[in-house]
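Participant: How does the following fold in three dimensions:
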Amino acid sequence: MPHKCPEARKAYTQSPTGRKSARISKWKNRGIIVEENDWDYFHDLFLSITICQKCKKELTIDRYPTHSTRCVDHDHNINDKPNVRMICCTACNLNDNSRNTSGEPNIYYFKPSKCWRFKKRIQGKNYCKTGFKTKQEAIDYKLNFLANL
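Facilitator: Now for the predicted structure:
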């Protein structure tokens, strides 16, 4: 429920209920679908998993993502049934090649826009460029981008 008073809004967003609501909203906006639409159960499951289900690293919950930050890995191609694959660290989620259809790191086909995309995180900052008609255009952009860092 929105709060008109800035102090009340801040208190709510910092409360466990507010953080849970924000996290679930973020998952929904990112296209995550859970079994039987049971967000309360999934949130509790998310918090209970403390070890990355891929690399076995200890997971953290951080305000800003780090390599060990807990996150939900899901299949972006599934949008009509549950699509969660695992709870893992950010490093495993970002290095997961399941969405990399190009064979080239940081280049993948972006189905919603029917184009190729370059996406890379460098020193905590995300860089993304979408709209390439061919994979080679995206690769050329990537090489130029990295050469000019």
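Participant: So which elements touch the worst-scoring helix or strand of the chain on mean pLDDT?
Facilitator: Counting by mean pLDDT, DSSP states H and E, the chain has its least confident helix or strand at strand 107-110, which shows a mean of 82. If you count contacts as 3 or more C-beta pairs under 8 Å, 6 or more residues apart in numbering; DSSP states H and E, strand 107-110 packs onto strand 115-122, helix 135-147. The way it works is simple: take the backbone N, C-alpha and C, and place the C-beta from them, glycine included.
Participant: Could you export those as JSON lines, including mean pLDDT, distance to Gly103 and mean neighbour count?
Facilitator: Below are these laid out as JSON lines (pLDDT from 0 to 100; distance: least, C-beta to C-beta, whole Å; neighbours: other C-beta atoms under 10 Å):
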{"stretch": "strand 115-122", "mean pLDDT": "88", "distance to Gly103": "12", "mean neighbour count": "17"}
{"stretch": "helix 135-147", "mean pLDDT": "93", "distance to Gly103": "9", "mean neighbour count": "15"}
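Participant: For Arg63, which of those is the nearest?
Facilitator: strand 115-122 (16.2 Å; C-beta to C-beta).
Participant: Give me the sheet partners of that closest one and which way each runs.
Facilitator: strand 107-110 (antiparallel), strand 125-132 (antiparallel) (DSSP bridges).
Participant: ranking the ones you listed by burial, who's on top?
Facilitator: strand 107-110 (a mean of 20; mean count of other C-beta atoms under 10 Å).
Participant: what about this protein, any weak spots by pLDDT?
Facilitator: For the chain, the stretches flagged by pLDDT under 70 are 1-3, 96-102.
Participant: now the helices for it?
Facilitator: 6-14, 16-29, 39-48, 90-94, 135-147 (DSSP state H).
Participant: and the fourth one, what does it pack onto?
Facilitator: So that's helix 90-94. By 3+ C-beta pairs under 8 Å, 6+ apart, helix 90-94 packs against strand 70-74.
Participant: Understood, closing this out.
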